[in-house]
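Colleague: Task: produce atomic coordinates for the following.
(one chain, ligands or ions: 1)
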Amino acid sequence: MSELPWWRGEVVYQIYPKSFCDSNDDGIGDLRGITSKLDYLKRLGVTMLWVCPIYPSPMADNGYDIADYRAIAPEFGTMEDFEQLVAEARQRDIKILLDLVINHTSDEHPWFKGALAHPDGPSHDYYIFKQGTEPPNNWRSVFGGSVWERVAGTDEWYFHSFGKKQPDLNWENPQVRRELFDMVRWWLDKGIAGFRVDAINFIKKDQSWADREPDGADGLAKCTKAVRNQPGMGTFLAELKHEAFEPYGCVTVAEAAGVSYDAFGEFIGEDGYFSMFFDFRHADLDIASGNEWFHRVPWTIGDLNERLMAGQLAIQPHGWGANFIENHDQPRATTKYLGEAQHDPRAVKTLGAMSLFLRGMLFIYQGQELGMVNFERTSIDQFDDLSSLDQYQRSLDEGYSPEEALHLVNLRSRDNARTPFPWTSERYGGFSKVEPWLAMTQEWPVINARSQEDDPKSVLNFYRSAISFRKEGPYARCLVDGDIAPLRSTADVIAYVRSCGDDKLYCWFNLGPEDAYEPLPEEDVKTVWFTDEQPDASDGVLHLRPWQTVLMARS
Ligand code: GLC
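Modeller: Got it, this is the predicted structure:
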């Protein structure tokens, strides 16, 4: 790579606007709420915010169903509030990434309304319609049921990869692409740093539209094999890059699950379509497929290690990755990876450190820095997330009992991460003065930002110091620019080495409840950072306590 990209050392914090901070006490977070917390984010060490969709939307999928690409949802504020957020963030050297959702719109977008009202009009071909008395094929949408929805009173069906209120745009139509690229440039002109690009590998569909082998009790076949990572997608992605992103030098992070290791070079790096993309292999290690939560898979820390390292090594020759352990679609990492130890601050810190010191741009999801945990719900009515409702039904259809189905959904529900941010132990966690749109987690009186603020041993203060060590500590160059290689380790320990020239930083993370003994890879190494107590390293062996992180460098 000729020049190192400017964004590689950024620390990104993901905000789910509905649940971050409510400034006007309507129970829904908003832009002014985000602006009011910029000092908190600055102190955490954040340099960039990824703000999930803030555009007008019926909120069937909490904003991933956009009804107007060039405005702000009234519940989140106004365009002035957005501009103020950008300006105040800039004063603190914090950049803004917006969420770009261009595989689909809302069915309430004027283009779609126009398409239904005027079947012969220009916007009809902005979407994918087929004629027939039956659904045109047997593909299952990501959120359940057929990908086809009948237009009421007609023999016409429209296509949706996700929910039925999220019709897919027809990327085959050059006018659609022109409209979208123009809109992207319009936002970049407002001074944002770039985009997280939603579900972007869905834009090309298998044009045969042929039925596939059914794979579920509903008789349907998952659509992802026919609408994700399809041949020909690269032509659209290259055009998006050249027409919209490249002229601005903006940073782009693609959500592109299922990209094969061989294709990483096409996606990222100097000639890639995007700056980075999210690899989900480690995040989805507990399920057989992202859309089938009932197909649970047993896993070990060794498997987690293997998936993380395989991803890191596949990315390294091409560019930088986008490292994360949580986001708005995943359960809390504490509950998922730590199980019974989810409340043990030692375990939570080591899990965080393991992700913080990987090679790549760092993403932290709101509340991760407090060690938030999943919210165990007792009835399906308590869920808002449309995929949770679908997965509950599918689990029942596949033969699970209602109790089992609820348990499966609790483990994976996207609502786990969407609960309002607990700022204080006051009523409604200081998030709002009125009842929030989604219930707070049970833990908010204990797990909240204020209670962790002054406790030097809190998870929050751990994140602050670990981020600062990564960004500004004596090994910052190694941690940001250095290469990564796995180190051999015992069963519950993830270990890797970061190296930059002759500097080497050996990193061990004990993600188990037992002591571990790891061979030192060189004689002359010293401990430079650790959690818990000062570790012993003697006679060529490092003794790691349960849930301990230790970093050693060449002396
Ligand atoms: C992405 C988003 C998710 C959304 C889906 C449809 O996967 O992260 O929240 O539901 O796309 O837009």
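
Colleague: Not counting its neighbours along the chain, what's nearest His318?
Modeller: Closest residue in space to His318, ignoring its immediate chain neighbours: Gly269 at 3.8 Å, by Cβ to Cβ, 6 or more residues apart in numbering. Any C-beta I mention is one placed from the backbone N, CA and C, and that applies to glycine too.

Colleague: Report the closest residue of the chain relative to the ligand.
Modeller: Closest approach between the chain and the ligand, counting by Cβ to the nearest ligand atom: Tyr64, at 3.3 Å.

Colleague: Look at that residue and give its secondary structure.
Modeller: Following DSSP: H, G, I helix; E, B strand; the rest coil, we place Tyr64 in the coil state.

Colleague: what does the stretch 51-200 of the chain have sitting close to the ligand?
Modeller: For the stretch 51-200 of the chain, the contact set with the ligand under Cβ under 6 Å from any ligand atom comprises Asp61, Tyr64, Val101, Phe162, Asp198, Ala199.

Colleague: Try it again at 8 Å.
Modeller: Applying Cβ under 8 Å from any ligand atom, we find that the stretch 51-200 of the chain lies next to the ligand at 52, 61-62, 64-65, 99, 101, 103-104, 142-143, 161-163, 166, 198-199.

Colleague: Show me how to select, in ChimeraX, the buried members of these.
Modeller: Buried residues among these (16 or more other Cβ atoms under 10 Å), as a ChimeraX selection:
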select :52,61,62,64,65,99,101,103,104,142,143,161,162,163,166,198,199
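
Colleague: now check the worst-scoring helix or strand of the chain on mean pLDDT, is it near the ligand?
Modeller: Every helix and strand in the chain was compared by mean pLDDT, DSSP states H and E; the lowest is strand 287-289, with a mean of 90. No. Contact of strand 287-289 with the ligand (Cβ under 8 Å from any ligand atom) is absent, the minimum separation being 13.8 Å.

Colleague: who does that strand touch, helix- and strand-wise?
Modeller: If you count contacts as 3 or more Cβ pairs under 8 Å, 6 or more residues apart in numbering; DSSP states H and E, strand 287-289 packs onto strand 292-296.

Colleague: which parts of the strand it packs on are buried?
Modeller: Across strand 292-296, burial judged by 16+ other Cβ under 10 Å covers Glu292, Trp293, Phe294.

Colleague: from those, which single one is nearest Asp503?
Modeller: The shortest gap between Asp503 and any of the buried residues of strand 292-296 belongs to Trp293, at 42.9 Å (Cβ to Cβ).

Colleague: Please list the residues of the stretch 201-350 of the chain that sit near the ligand.
Modeller: Neighbours of the ligand within the stretch 201-350 of the chain, by Cβ under 8 Å from any ligand atom: Glu255, Asn327, His328, Asp329.

Colleague: Secondary structure and pLDDT for these - can I get that in a markdown table?
Modeller: Shown next, in a markdown table, are those (DSSP: H, G, I helix; E, B strand; the rest coil; pLDDT from 0 to 100):
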| residue | secondary structure | pLDDT |
| --- | --- | --- |
| Glu255 | strand | 97 |
| Asn327 | coil | 98 |
| His328 | coil | 98 |
| Asp329 | coil | 98 |
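
Colleague: So Phe469 belongs to a helix, correct?
Modeller: Yes. Remark: Phe469 belongs to a helix, assigned using three-state DSSP.

Colleague: Just confirm it contacts Trp529, I think it does.
Modeller: Yes. Contact criterion Cβ atoms under 8 Å: Phe469 and Trp529 qualify, at 5.9 Å.

Colleague: same question for the helix or strand hosting Ser499, mean pLDDT?
Modeller: Under the criterion of DSSP states H and E, Ser499 resides in strand 493-500. Strand 493-500 shows an average pLDDT of 98 in the prediction.

Colleague: Return the distance of it from the chain's centre.
Modeller: 24 Å (Cα atoms, centre = their mean, to the nearest Å).

Colleague: Send me it as PDB with only the CA atoms.
Modeller: This file holds the C-alpha atoms of strand 493-500, laid out as PDB (Å, rounded to 0.1, in the frame of the first residue of the first chain):
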ATOM      1  CA  VAL A 493      -6.600 -18.100  25.900                       C
ATOM      2  CA  ILE A 494      -6.600 -15.900  22.800                       C
ATOM      3  CA  ALA A 495      -3.100 -14.700  22.000                       C
ATOM      4  CA  TYR A 496      -1.600 -12.700  19.200                       C
ATOM      5  CA  VAL A 497       1.500 -10.600  18.500                       C
ATOM      6  CA  ARG A 498       1.400  -7.100  17.000                       C
ATOM      7  CA  SER A 499       4.600  -6.100  15.300                       C
ATOM      8  CA  CYS A 500       6.000  -3.000  13.700                       C
END
